[in-house]
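Undergrad: with the sequence up front, the predicted model follows.
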Amino acid sequence: MSKNTPQAIRGTQDIFGPDAEAFAFVVETFERVRKLYRFRRAEMPVFEKTEVFARSIGETTDIVSKEMYSFDDRGGESLTLRPEFTAGIARAYLTNGWQQHAPLKLATHGPLFRYERPQKGRYRQFHQIDAEIIGAAEPQADVELLAMADQIIRELGIEDVTLHLNTLGDGDSREAWRAALVEYFSAVRGELSEDSQERLEKNPLRILDSKDPRDRKFLGNAPRIDDFLTDEAKAFFEAVTSGLDAAGVKWTRAESLVRGLDYYRHTAFEFIPDEGSEAAGKLGSQSTILGGGRYDGLMESLGGASTPAVGWAAGIERLAMLVGENDQAPADVIVIVEDDSFIGQGISALRLLRQDGLTAELISSGSPRKRFDKASKLNPRAILSLGGQGQLGSPVRSSEEALVDRIADLLSNSASFGSLASPRA
RNA sequence: GCGAUCGUAGCUCAGUUGGUUAGAGCGCCGGUUUGUGGUACCGGAGGUCGGGGGUUCAAGACCCCUCGAUCGCCCCA
(Lines give C-alpha, C1' and ligand atoms only; values in the text may rest on other atoms or scores of the structure.)
Protein backbone atom coordinates (compact mmCIF):
# COMPACT_ATOMS: atom_id res chain seq x y z
CA MET A 1 0.00 0.00 0.00
CA SER A 2 1.33 3.37 -0.93
CA LYS A 3 1.74 5.81 1.90
CA ASN A 4 -0.22 8.09 -0.37
CA THR A 5 -3.38 6.05 0.08
CA PRO A 6 -5.76 7.53 2.62
CA GLN A 7 -6.63 5.24 5.51
CA ALA A 8 -10.09 4.35 6.67
CA ILE A 9 -11.39 6.28 9.65
CA ARG A 10 -10.51 4.76 12.98
CA GLY A 11 -13.22 2.49 14.27
CA THR A 12 -14.83 1.99 10.87
CA GLN A 13 -14.79 -1.33 9.08
CA ASP A 14 -14.68 -2.61 5.54
CA ILE A 15 -16.60 -5.83 5.75
CA PHE A 16 -16.03 -8.53 3.14
CA GLY A 17 -16.09 -12.26 2.62
CA PRO A 18 -17.48 -14.55 5.31
CA ASP A 19 -17.94 -11.59 7.67
CA ALA A 20 -20.04 -9.75 5.12
CA GLU A 21 -22.11 -12.87 4.44
CA ALA A 22 -22.72 -13.29 8.17
CA PHE A 23 -23.70 -9.64 8.41
CA ALA A 24 -26.18 -10.05 5.57
CA PHE A 25 -27.55 -13.22 7.15
CA VAL A 26 -28.34 -11.31 10.34
CA VAL A 27 -30.15 -8.57 8.45
CA GLU A 28 -32.06 -11.04 6.26
CA THR A 29 -33.17 -13.03 9.28
CA PHE A 30 -34.28 -9.88 11.05
CA GLU A 31 -36.29 -8.75 8.01
CA ARG A 32 -37.95 -12.13 7.65
CA VAL A 33 -38.90 -12.50 11.30
CA ARG A 34 -40.13 -8.93 11.78
CA LYS A 35 -42.65 -9.56 9.01
CA LEU A 36 -43.91 -12.61 10.91
CA TYR A 37 -44.65 -10.29 13.82
CA ARG A 38 -46.03 -7.64 11.45
CA PHE A 39 -43.63 -4.91 12.38
CA ARG A 40 -43.60 -2.09 9.80
CA ARG A 41 -40.37 -1.09 8.16
CA ALA A 42 -39.21 2.50 8.68
CA GLU A 43 -36.27 4.51 7.39
CA MET A 44 -34.93 7.56 9.18
CA PRO A 45 -32.12 9.99 8.38
CA VAL A 46 -28.72 9.09 9.80
CA PHE A 47 -28.40 12.61 11.18
CA GLU A 48 -30.64 14.88 13.17
CA LYS A 49 -30.51 18.18 14.93
CA THR A 50 -28.24 17.72 17.91
CA GLU A 51 -31.02 18.60 20.32
CA VAL A 52 -32.97 15.51 19.28
CA PHE A 53 -30.37 13.36 21.01
CA ALA A 54 -29.32 15.80 23.69
CA ARG A 55 -32.86 16.24 25.00
CA SER A 56 -33.98 12.62 24.80
CA ILE A 57 -30.89 10.66 25.80
CA GLY A 58 -29.88 13.03 28.58
CA GLU A 59 -27.30 15.80 28.60
CA THR A 60 -25.22 14.18 31.30
CA THR A 61 -24.89 10.76 29.72
CA ASP A 62 -21.58 9.72 28.21
CA ILE A 63 -23.21 9.37 24.81
CA VAL A 64 -24.24 13.00 24.70
CA SER A 65 -21.41 14.54 26.66
CA LYS A 66 -18.50 12.92 24.83
CA GLU A 67 -19.43 10.32 22.25
CA MET A 68 -21.46 12.15 19.61
CA TYR A 69 -20.25 13.04 16.15
CA SER A 70 -21.60 16.58 16.02
CA PHE A 71 -20.85 19.31 13.52
CA ASP A 72 -22.25 22.60 12.29
CA ASP A 73 -23.71 22.55 8.82
CA ARG A 74 -23.28 25.42 6.37
CA GLY A 75 -26.22 27.19 7.90
CA GLY A 76 -24.61 27.11 11.33
CA GLU A 77 -26.98 24.53 12.74
CA SER A 78 -25.61 21.84 15.02
CA LEU A 79 -26.27 18.40 13.60
CA THR A 80 -25.31 14.98 14.92
CA LEU A 81 -24.79 11.56 13.37
CA ARG A 82 -27.25 9.32 15.18
CA PRO A 83 -25.72 7.45 18.14
CA GLU A 84 -28.86 5.32 18.53
CA PHE A 85 -32.19 4.78 16.79
CA THR A 86 -34.76 5.49 19.45
CA ALA A 87 -34.45 9.27 19.62
CA GLY A 88 -34.75 9.67 15.86
CA ILE A 89 -37.71 7.32 15.71
CA ALA A 90 -39.43 9.29 18.45
CA ARG A 91 -38.81 12.53 16.56
CA ALA A 92 -40.17 10.99 13.36
CA TYR A 93 -43.22 9.71 15.20
CA LEU A 94 -44.00 13.18 16.47
CA THR A 95 -43.22 15.21 13.36
CA ASN A 96 -45.03 12.90 10.93
CA GLY A 97 -48.19 12.40 12.92
CA TRP A 98 -47.62 8.68 13.23
CA GLN A 99 -49.85 8.83 16.30
CA GLN A 100 -52.64 7.95 13.91
CA HIS A 101 -51.13 4.47 13.51
CA ALA A 102 -50.69 3.83 17.24
CA PRO A 103 -49.98 1.37 18.57
CA LEU A 104 -47.25 1.28 16.00
CA LYS A 105 -44.80 -1.58 15.60
CA LEU A 106 -41.64 -0.39 13.82
CA ALA A 107 -38.47 -2.11 12.66
CA THR A 108 -35.36 -0.63 11.14
CA HIS A 109 -31.66 -1.22 10.80
CA GLY A 110 -28.61 0.70 9.72
CA PRO A 111 -25.46 2.48 10.82
CA LEU A 112 -24.95 4.38 14.06
CA PHE A 113 -22.03 6.48 15.20
CA ARG A 114 -20.29 6.93 18.52
CA TYR A 115 -16.91 8.41 19.21
CA GLU A 116 -15.54 5.62 21.38
CA ARG A 117 -12.37 3.62 21.69
CA PRO A 118 -12.73 0.69 19.30
CA GLN A 119 -12.36 -2.82 20.66
CA LYS A 120 -13.80 -6.25 20.08
CA GLY A 121 -17.40 -6.00 18.89
CA ARG A 122 -17.34 -2.24 19.25
CA TYR A 123 -16.86 0.35 16.54
CA ARG A 124 -17.29 4.04 15.84
CA GLN A 125 -19.57 3.28 12.96
CA PHE A 126 -21.54 0.24 13.95
CA HIS A 127 -24.81 -1.28 12.87
CA GLN A 128 -27.91 -2.31 14.68
CA ILE A 129 -31.22 -3.94 14.05
CA ASP A 130 -33.94 -2.19 15.99
CA ALA A 131 -37.57 -2.78 16.94
CA GLU A 132 -39.97 -0.48 18.74
CA ILE A 133 -43.61 -0.52 19.78
CA ILE A 134 -44.89 3.01 20.24
CA GLY A 135 -48.14 4.02 21.86
CA ALA A 136 -48.75 0.78 23.73
CA ALA A 137 -48.83 1.01 27.51
CA GLU A 138 -49.75 -2.60 28.13
CA PRO A 139 -47.20 -5.23 29.17
CA GLN A 140 -48.26 -7.38 26.22
CA ALA A 141 -46.22 -5.02 24.04
CA ASP A 142 -43.10 -5.89 26.02
CA VAL A 143 -43.89 -9.56 25.63
CA GLU A 144 -44.45 -9.22 21.89
CA LEU A 145 -41.16 -7.39 21.44
CA LEU A 146 -39.19 -9.85 23.50
CA ALA A 147 -40.76 -12.84 21.81
CA MET A 148 -39.57 -11.47 18.49
CA ALA A 149 -36.07 -10.84 19.82
CA ASP A 150 -35.94 -14.37 21.15
CA GLN A 151 -37.06 -15.85 17.85
CA ILE A 152 -34.53 -13.82 15.85
CA ILE A 153 -31.70 -15.01 18.06
CA ARG A 154 -32.84 -18.60 17.81
CA GLU A 155 -33.26 -18.44 14.04
CA LEU A 156 -29.76 -17.07 13.77
CA GLY A 157 -28.66 -20.30 15.39
CA ILE A 158 -27.19 -18.52 18.41
CA GLU A 159 -27.19 -20.68 21.51
CA ASP A 160 -26.48 -20.35 25.21
CA VAL A 161 -27.89 -16.84 25.36
CA THR A 162 -30.30 -15.87 28.12
CA LEU A 163 -32.73 -13.02 28.50
CA HIS A 164 -31.83 -11.02 31.61
CA LEU A 165 -34.84 -9.14 32.80
CA ASN A 166 -35.43 -6.42 35.34
CA THR A 167 -37.86 -3.67 36.16
CA LEU A 168 -36.90 -0.13 37.01
CA GLY A 169 -40.45 0.58 38.11
CA ASP A 170 -42.47 3.59 37.10
CA GLY A 171 -41.14 7.11 37.54
CA ASP A 172 -41.92 7.28 41.23
CA SER A 173 -40.49 3.83 41.99
CA ARG A 174 -37.33 4.59 40.13
CA GLU A 175 -36.76 7.91 41.89
CA ALA A 176 -37.33 6.44 45.34
CA TRP A 177 -34.99 3.57 44.61
CA ARG A 178 -32.38 5.88 43.22
CA ALA A 179 -32.53 8.09 46.31
CA ALA A 180 -32.15 5.06 48.56
CA LEU A 181 -29.13 3.88 46.59
CA VAL A 182 -27.48 7.27 46.83
CA GLU A 183 -28.04 7.33 50.57
CA TYR A 184 -26.73 3.79 50.99
CA PHE A 185 -23.59 4.23 48.93
CA SER A 186 -22.85 7.72 50.24
CA ALA A 187 -22.42 6.22 53.67
CA VAL A 188 -19.50 4.13 52.41
CA ARG A 189 -18.35 6.55 49.79
CA GLY A 190 -14.71 6.52 50.78
CA GLU A 191 -14.46 2.76 50.36
CA LEU A 192 -15.90 2.70 46.85
CA SER A 193 -13.80 2.58 43.71
CA GLU A 194 -12.93 5.89 42.09
CA ASP A 195 -15.26 5.08 39.21
CA SER A 196 -18.14 4.40 41.53
CA GLN A 197 -17.57 7.55 43.53
CA GLU A 198 -18.11 9.36 40.29
CA ARG A 199 -21.11 7.17 39.45
CA LEU A 200 -22.63 8.27 42.72
CA GLU A 201 -22.97 11.73 41.23
CA LYS A 202 -23.82 10.87 37.65
CA ASN A 203 -25.45 7.48 37.56
CA PRO A 204 -25.79 5.73 40.91
CA LEU A 205 -27.73 2.80 39.43
CA ARG A 206 -24.60 1.84 37.55
CA ILE A 207 -22.74 1.05 40.76
CA LEU A 208 -24.84 -2.09 40.93
CA ASP A 209 -23.07 -3.75 38.03
CA SER A 210 -19.59 -2.60 38.89
CA LYS A 211 -16.88 -5.21 38.39
CA ASP A 212 -14.61 -3.73 41.04
CA PRO A 213 -14.31 -5.95 44.14
CA ARG A 214 -14.21 -2.84 46.34
CA ASP A 215 -17.75 -2.08 45.21
CA ARG A 216 -19.04 -5.60 45.01
CA LYS A 217 -18.84 -6.26 48.72
CA PHE A 218 -21.49 -3.59 49.28
CA LEU A 219 -23.86 -4.80 46.63
CA GLY A 220 -25.41 -7.62 48.61
CA ASN A 221 -27.07 -5.31 51.11
CA ALA A 222 -27.89 -2.51 48.69
CA PRO A 223 -31.51 -1.36 48.48
CA ARG A 224 -33.51 -3.45 46.04
CA ILE A 225 -35.92 -2.12 43.46
CA ASP A 226 -38.53 -4.65 44.56
CA ASP A 227 -38.90 -2.84 47.85
CA PHE A 228 -39.77 0.40 46.09
CA LEU A 229 -42.13 -0.81 43.42
CA THR A 230 -45.62 0.60 43.48
CA ASP A 231 -48.46 -1.89 43.18
CA GLU A 232 -48.98 -0.84 39.60
CA ALA A 233 -45.31 -1.31 38.74
CA LYS A 234 -45.27 -4.69 40.41
CA ALA A 235 -48.37 -5.82 38.54
CA PHE A 236 -46.87 -4.61 35.28
CA PHE A 237 -43.71 -6.61 35.75
CA GLU A 238 -45.64 -9.71 36.72
CA ALA A 239 -47.72 -9.40 33.58
CA VAL A 240 -44.55 -9.21 31.50
CA THR A 241 -42.97 -12.26 33.10
CA SER A 242 -46.09 -14.40 32.93
CA GLY A 243 -46.51 -13.36 29.31
CA LEU A 244 -42.97 -14.44 28.55
CA ASP A 245 -43.63 -17.78 30.19
CA ALA A 246 -46.72 -18.22 28.03
CA ALA A 247 -44.74 -17.27 24.93
CA GLY A 248 -42.10 -19.84 25.81
CA VAL A 249 -39.33 -17.27 26.21
CA LYS A 250 -36.80 -18.27 28.84
CA TRP A 251 -35.65 -15.48 31.11
CA THR A 252 -33.84 -14.84 34.34
CA ARG A 253 -34.29 -12.04 36.84
CA ALA A 254 -31.33 -9.67 36.93
CA GLU A 255 -31.82 -7.25 39.77
CA SER A 256 -28.70 -5.28 39.02
CA LEU A 257 -29.53 -4.76 35.36
CA VAL A 258 -30.08 -1.05 34.80
CA ARG A 259 -30.14 1.25 31.82
CA GLY A 260 -27.74 4.09 31.29
CA LEU A 261 -30.14 6.43 29.55
CA ASP A 262 -32.55 8.67 31.38
CA TYR A 263 -35.71 7.80 29.54
CA TYR A 264 -36.13 4.20 30.63
CA ARG A 265 -38.98 3.03 32.90
CA HIS A 266 -40.36 -0.34 33.90
CA THR A 267 -38.96 -3.19 31.86
CA ALA A 268 -35.24 -3.34 31.13
CA PHE A 269 -33.62 -6.30 29.48
CA GLU A 270 -30.53 -7.66 27.81
CA PHE A 271 -29.77 -10.90 26.02
CA ILE A 272 -26.41 -12.05 27.34
CA PRO A 273 -24.36 -15.18 26.55
CA ASP A 274 -24.18 -17.62 29.44
CA GLU A 275 -21.03 -17.59 31.53
CA GLY A 276 -18.35 -19.75 30.00
CA SER A 277 -20.29 -20.45 26.82
CA GLU A 278 -18.75 -20.42 23.37
CA ALA A 279 -20.69 -17.26 22.56
CA ALA A 280 -19.31 -15.48 25.62
CA GLY A 281 -15.80 -16.33 24.49
CA LYS A 282 -16.36 -14.93 21.03
CA LEU A 283 -17.66 -11.63 22.31
CA GLY A 284 -14.92 -10.77 24.78
CA SER A 285 -15.97 -8.12 27.22
CA GLN A 286 -18.81 -6.84 25.04
CA SER A 287 -21.28 -9.31 26.37
CA THR A 288 -24.66 -7.81 25.56
CA ILE A 289 -25.96 -8.76 22.14
CA LEU A 290 -29.41 -7.21 22.42
CA GLY A 291 -30.69 -4.66 24.86
CA GLY A 292 -33.62 -2.39 25.44
CA GLY A 293 -36.54 -1.51 27.60
CA ARG A 294 -39.56 0.64 28.11
CA TYR A 295 -39.18 4.37 27.65
CA ASP A 296 -42.44 5.95 28.66
CA GLY A 297 -40.77 9.28 29.34
CA LEU A 298 -39.08 9.89 26.02
CA MET A 299 -41.77 11.52 23.91
CA GLU A 300 -42.37 14.23 26.49
CA SER A 301 -38.72 15.16 26.50
CA LEU A 302 -39.11 15.97 22.80
CA GLY A 303 -42.19 18.09 23.41
CA GLY A 304 -44.74 15.45 22.50
CA ALA A 305 -47.69 14.11 24.40
CA SER A 306 -46.92 11.46 26.97
CA THR A 307 -46.59 8.28 24.92
CA PRO A 308 -45.71 4.87 26.25
CA ALA A 309 -43.21 2.90 24.19
CA VAL A 310 -40.85 -0.02 24.38
CA GLY A 311 -38.00 -1.08 22.15
CA TRP A 312 -34.71 -2.83 21.71
CA ALA A 313 -31.62 -2.76 19.56
CA ALA A 314 -28.97 -5.33 18.80
CA GLY A 315 -25.50 -4.92 17.35
CA ILE A 316 -25.31 -6.59 13.96
CA GLU A 317 -21.54 -7.04 14.24
CA ARG A 318 -21.92 -8.80 17.58
CA LEU A 319 -24.64 -11.06 16.26
CA ALA A 320 -22.60 -11.78 13.14
CA MET A 321 -19.69 -12.92 15.31
CA LEU A 322 -21.94 -15.60 16.74
CA VAL A 323 -23.58 -17.02 13.63
CA GLY A 324 -20.54 -18.94 12.40
CA GLU A 325 -19.06 -19.36 8.97
CA ASN A 326 -21.24 -18.09 6.19
CA ASP A 327 -19.09 -17.92 3.11
CA GLN A 328 -20.39 -17.50 -0.41
CA ALA A 329 -21.83 -20.77 -1.68
CA PRO A 330 -19.98 -22.46 -4.58
CA ALA A 331 -21.35 -21.68 -8.04
CA ASP A 332 -23.83 -23.98 -9.72
CA VAL A 333 -22.00 -23.61 -13.00
CA ILE A 334 -18.63 -22.23 -14.00
CA VAL A 335 -18.37 -21.48 -17.71
CA ILE A 336 -14.87 -21.56 -19.13
CA VAL A 337 -13.74 -20.37 -22.53
CA GLU A 338 -10.52 -22.09 -23.49
CA ASP A 339 -10.44 -20.38 -26.89
CA ASP A 340 -11.17 -16.66 -26.92
CA SER A 341 -13.23 -16.91 -30.11
CA PHE A 342 -15.92 -18.57 -27.98
CA ILE A 343 -16.35 -15.65 -25.58
CA GLY A 344 -19.62 -14.66 -27.25
CA GLN A 345 -21.03 -18.11 -26.65
CA GLY A 346 -19.80 -17.99 -23.09
CA ILE A 347 -21.72 -14.80 -22.44
CA SER A 348 -24.85 -16.25 -24.07
CA ALA A 349 -24.56 -19.34 -21.89
CA LEU A 350 -24.34 -17.22 -18.73
CA ARG A 351 -27.55 -15.48 -19.62
CA LEU A 352 -29.37 -18.77 -20.20
CA LEU A 353 -28.11 -20.29 -16.98
CA ARG A 354 -28.87 -17.28 -14.81
CA GLN A 355 -32.33 -16.84 -16.31
CA ASP A 356 -33.00 -20.40 -15.29
CA GLY A 357 -32.01 -19.62 -11.72
CA LEU A 358 -28.55 -21.14 -11.72
CA THR A 359 -25.66 -19.22 -10.22
CA ALA A 360 -22.99 -18.94 -12.87
CA GLU A 361 -19.71 -17.20 -13.58
CA LEU A 362 -17.39 -17.01 -16.59
CA ILE A 363 -13.67 -17.65 -16.65
CA SER A 364 -12.05 -16.27 -19.79
CA SER A 365 -8.84 -14.65 -18.63
CA GLY A 366 -5.37 -15.84 -17.90
CA SER A 367 -3.61 -18.76 -19.48
CA PRO A 368 -6.10 -20.75 -21.60
CA ARG A 369 -4.74 -24.08 -20.51
CA LYS A 370 -5.13 -23.22 -16.85
CA ARG A 371 -8.69 -22.02 -17.05
CA PHE A 372 -10.11 -25.44 -16.34
CA ASP A 373 -7.90 -25.68 -13.27
CA LYS A 374 -9.24 -22.38 -12.05
CA ALA A 375 -12.79 -23.61 -12.55
CA SER A 376 -12.08 -26.82 -10.67
CA LYS A 377 -10.68 -24.92 -7.70
CA LEU A 378 -13.96 -23.02 -7.38
CA ASN A 379 -15.62 -26.36 -6.72
CA PRO A 380 -18.79 -25.72 -8.75
CA ARG A 381 -21.58 -28.21 -9.21
CA ALA A 382 -20.86 -28.24 -12.95
CA ILE A 383 -18.27 -26.95 -15.39
CA LEU A 384 -19.28 -25.89 -18.90
CA SER A 385 -16.27 -25.81 -21.19
CA LEU A 386 -16.44 -23.94 -24.49
CA GLY A 387 -13.82 -24.13 -27.25
CA GLY A 388 -11.66 -26.61 -25.46
CA GLN A 389 -9.49 -28.50 -27.97
CA GLY A 390 -12.35 -29.54 -30.19
CA GLN A 391 -14.05 -31.35 -27.34
CA LEU A 392 -17.48 -29.94 -28.13
CA GLY A 393 -19.04 -33.34 -27.95
CA SER A 394 -19.36 -33.25 -24.18
CA PRO A 395 -18.71 -29.78 -22.82
CA VAL A 396 -20.61 -30.21 -19.53
CA ARG A 397 -18.89 -32.01 -16.72
CA SER A 398 -20.64 -32.71 -13.44
CA SER A 399 -21.31 -35.57 -11.12
CA GLU A 400 -24.95 -34.53 -11.09
CA GLU A 401 -26.75 -36.25 -13.95
CA ALA A 402 -29.89 -34.11 -13.65
CA LEU A 403 -27.91 -30.91 -13.73
CA VAL A 404 -26.05 -31.99 -16.87
CA ASP A 405 -29.41 -32.62 -18.56
CA ARG A 406 -30.80 -29.31 -17.40
CA ILE A 407 -27.84 -27.37 -18.79
CA ALA A 408 -27.90 -29.40 -21.99
CA ASP A 409 -31.58 -28.60 -22.52
CA LEU A 410 -31.01 -24.91 -21.90
CA LEU A 411 -28.24 -24.74 -24.45
CA SER A 412 -29.76 -26.91 -27.15
CA ASN A 413 -32.98 -24.87 -27.08
CA SER A 414 -31.05 -21.69 -27.80
CA ALA A 415 -30.20 -20.44 -31.27
CA SER A 416 -26.70 -19.52 -30.10
CA PHE A 417 -25.92 -23.13 -29.56
CA GLY A 418 -27.92 -24.60 -32.40
CA SER A 419 -24.81 -25.69 -34.21
CA LEU A 420 -23.33 -27.21 -31.11
CA ALA A 421 -23.24 -30.94 -30.89
CA SER A 422 -25.13 -32.51 -28.03
CA PRO A 423 -23.69 -31.27 -24.77
CA ARG A 424 -24.35 -34.65 -23.26
CA ALA A 425 -21.39 -36.89 -22.83
C1' G B 1 -9.98 9.78 28.25
C1' C B 2 -6.60 5.65 30.66
C1' G B 3 -3.66 0.91 30.31
C1' A B 4 -1.26 -3.39 27.88
C1' U B 5 0.45 -5.91 23.48
C1' C B 6 1.61 -5.44 18.43
C1' G B 7 2.76 -3.16 13.15
C1' U B 8 8.23 -7.21 7.77
C1' A B 9 5.41 -8.84 0.17
C1' G B 10 -1.95 -9.19 -1.55
C1' C B 11 -2.61 -13.01 2.94
C1' U B 12 -0.17 -15.99 7.18
C1' C B 13 4.49 -15.42 9.13
C1' A B 14 10.47 -16.36 9.55
C1' G B 15 14.28 -12.97 10.18
C1' U B 16 19.74 -15.59 15.65
C1' U B 17 23.10 -11.09 21.33
C1' G B 18 22.17 -4.74 15.74
C1' G B 19 26.64 -7.06 10.67
C1' U B 20 27.05 -7.84 3.41
C1' U B 21 22.12 -7.35 -2.49
C1' A B 22 15.32 -8.78 3.40
C1' G B 23 13.19 -14.66 3.16
C1' A B 24 9.31 -18.89 3.12
C1' G B 25 4.39 -20.78 2.33
C1' C B 26 -0.17 -19.52 0.13
C1' G B 27 -2.25 -16.29 -3.65
C1' C B 28 -1.38 -13.79 -8.48
C1' C B 29 0.99 -13.85 -13.66
C1' G B 30 3.66 -16.82 -17.33
C1' G B 31 6.05 -21.42 -19.12
C1' U B 32 6.78 -26.87 -19.10
C1' U B 33 4.42 -31.57 -17.72
C1' U B 34 -0.38 -33.88 -17.89
C1' G B 35 -4.19 -34.05 -21.97
C1' U B 36 -10.52 -34.32 -19.99
C1' G B 37 -7.88 -32.41 -16.95
C1' G B 38 -8.37 -29.56 -9.39
C1' U B 39 -1.18 -32.82 -10.34
C1' A B 40 4.10 -31.79 -10.45
C1' C B 41 8.23 -28.72 -11.87
C1' C B 42 10.45 -23.96 -13.52
C1' G B 43 10.30 -18.80 -13.80
C1' G B 44 8.21 -13.77 -12.83
C1' A B 45 5.90 -9.53 -10.69
C1' G B 46 5.22 -7.52 -5.86
C1' G B 47 8.50 -4.78 0.35
C1' U B 48 11.65 2.86 0.80
C1' C B 49 10.54 -3.73 7.04
C1' G B 50 3.48 1.72 9.36
C1' G B 51 5.60 7.01 9.26
C1' G B 52 9.27 10.64 11.29
C1' G B 53 13.50 11.63 14.22
C1' G B 54 17.72 9.71 17.10
C1' U B 55 21.91 6.26 18.90
C1' U B 56 25.82 3.53 16.00
C1' C B 57 31.19 2.32 11.57
C1' A B 58 26.46 -0.42 10.81
C1' A B 59 19.19 -0.61 12.61
C1' G B 60 13.73 -4.63 10.29
C1' A B 61 16.01 -5.32 15.19
C1' C B 62 17.87 -0.34 20.29
C1' C B 63 15.61 4.84 22.11
C1' C B 64 11.88 8.91 21.44
C1' C B 65 7.60 10.83 18.89
C1' U B 66 3.53 9.85 15.78
C1' C B 67 -0.25 6.96 13.14
C1' G B 68 -2.81 2.47 13.10
C1' A B 69 -4.41 -2.42 14.89
C1' U B 70 -5.73 -5.68 18.83
C1' C B 71 -7.39 -6.55 23.83
C1' G B 72 -8.98 -4.48 28.48
C1' C B 73 -10.96 -0.07 31.82
C1' C B 74 -14.84 3.68 31.46
C1' C B 75 -19.34 3.46 28.88
C1' C B 76 -22.30 0.81 25.87
C1' A B 77 -25.33 -2.78 21.20
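TA: Received it, and whenever you're ready, just let me know what you need.

Undergrad: please count neighbours and contacts with C-alpha atoms only from this point.
TA: Fine.

Undergrad: which stretches in the stretch 51-200 of chain A count as helices?
TA: Read by DSSP state H, counting those that start in this stretch, the stretch 51-200 of chain A holds these helices, from start to end of the chain: A:62-66, A:86-95, A:139-155, A:171-186, A:194-202.

Undergrad: how about those, which one is nearest A:K377?
TA: helix A:139-155 (32.0 Å; CA to CA).

Undergrad: may I see the buried residues of the closest one?
TA: Neighbour counts using 16 or more other CA atoms under 10 Å place A:139-153 of helix A:139-155 among the buried residues.

Undergrad: ok so, going back, turn the helices of the stretch 51-200 of chain A into TSV, including mean pLDDT.
TA: Converted to TSV, these look like this (pLDDT from 0 to 100):
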stretch	mean pLDDT
helix A:62-66	82
helix A:86-95	95
helix A:139-155	97
helix A:171-186	90
helix A:194-202	85
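
Undergrad: A:R199 reaches A:D209, doesn't it?
TA: No: in this structure, A:R199 sits apart from A:D209 without contact. The criterion is CA atoms under 8 Å, and the distance is 11.2 Å.

Undergrad: okay, and the common contacts of those two?
TA: Both A:R199 and A:D209 lack any common contact, where contact means CA atoms under 8 Å, 6 or more residues apart in numbering.

Undergrad: show me where the stretch 201-350 of chain A has helices.
TA: A:213-219, A:231-247, A:278-283, A:298-301, A:316-322, A:343-355.

Undergrad: out of those, which one sits most buried?
TA: By mean neighbour count, with neighbours taken as mean count of other CA atoms under 10 Å, helix A:316-322 ranks first of the helices of the stretch 201-350 of chain A at a mean of 23.

Undergrad: show me which residues of the stretch 101-250 of chain A sit near RNA strand B.
TA: Applying the criterion CA under 7 Å from any atom of the strand, the portion of the stretch 101-250 of chain A that neighbours RNA strand B consists of A:114, A:116-124, A:126-128, A:195-196, A:199, A:206, A:210-212.

Undergrad: closest to A:L229 out of the buried residues of helix A:139-155?
TA: The shortest approach to A:L229 among those belongs to A:P139, at 15.8 Å (CA to CA).

Undergrad: so which residue is smack in the middle of chain A?
TA: What sits nearest the mean C-alpha location of chain A, by CA atoms, centre = their mean, is A:I316, with 2.8 Å.

Undergrad: surely that residue touches A:Y123?
TA: No: with contact defined as CA under 8 Å, A:I316 and A:Y123 do not form a contacting pair (11.2 Å).

Undergrad: need the three-state assignment for whatever residue of the stretch 301-425 of chain A ends up closest to RNA strand B.
TA: Here the stretch 301-425 of chain A gets closest to RNA strand B at one residue, A:G366, 3.1 Å apart by CA to the nearest atom of the strand. In three-state terms, and counting by DSSP: H, G, I helix; E, B strand; the rest coil, A:G366 is coil.
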